[in-house]
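1. can you look at this prediction? I've put the sequence above it.
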Amino acid sequence: MEITGGCLCGSVRFRISAAPITTRVCWCRLCQYLGAGSGTVNVCFPSAAVTVTGATSNYTRVAGSGNTMHRRFCPACGTPLVSAAESRPHLLFVRAGSLDDAEVARPAMTIWTAAAPSWACFDPRLPKESGQPPPAAPVPSLN
């Protein structure tokens, strides 16, 4: 399997050699900034399966979950591309809007619903979590 994507201007591209672990719609306040007021759709992959080419910029901030998050974006066009938590370096969250085929990213859950504005639209078919859900995948054992 190969999944591809990149930024709006094309100067950053990525290839992913694994299937998604999960996809979540996130309404945390930081994702609302990234989504221009909406929640973001984030596709979780094993970080070792993702190869990024092209220069990216990084923005680091502690999220509402308490995790230190690194968010990478294209410095030329500003497209949000990926995020990673320092506490889960084995996972990389790719913004669904940056995938070449958006059908890869069918959400399985909506998270941080308590932070969403009153006008937010939630898919009634998806489970909802008011805050941070359990990790998408456990940290791999070193043994």
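-> Okay, I see it. This one's a predicted model, so the numbers in the text were calculated from it and none came from an experiment.
2. distance from the chain centre to the helix or strand of the chain with the lowest mean pLDDT, please.
-> Each helix and strand of the chain was given a mean pLDDT (mean pLDDT, DSSP states H and E); the minimum falls on helix 29-34 at a mean of 91. Centroid separation between helix 29-34 and its chain, computed with C-alpha atoms, centre = their mean, to the nearest Å, is 11 Å.
3. do stretch 90-102 as well
-> Between the centre of stretch 90-102 and the centre of its chain there are 6 Å (C-alpha atoms, centre = their mean).
4. rounded mean pLDDT for it, please.
-> For stretch 90-102, mean pLDDT is 95.
5. do the same with stretch 9-25
-> 97.
6. kindly report the same for stretch 128-136.
-> Here stretch 128-136 scores 85 as its mean pLDDT.
7. helix or strand right after the least confident helix or strand of the chain?
-> Proceeding N to C from helix 29-34, the next assigned helix or strand is strand 40-46, under DSSP states H and E.
8. strand partners (parallel or antiparallel) of that next one?
-> Here strand 40-46 has these sheet partners by DSSP bridges: strand 22-26 (antiparallel), strand 91-95 (antiparallel).
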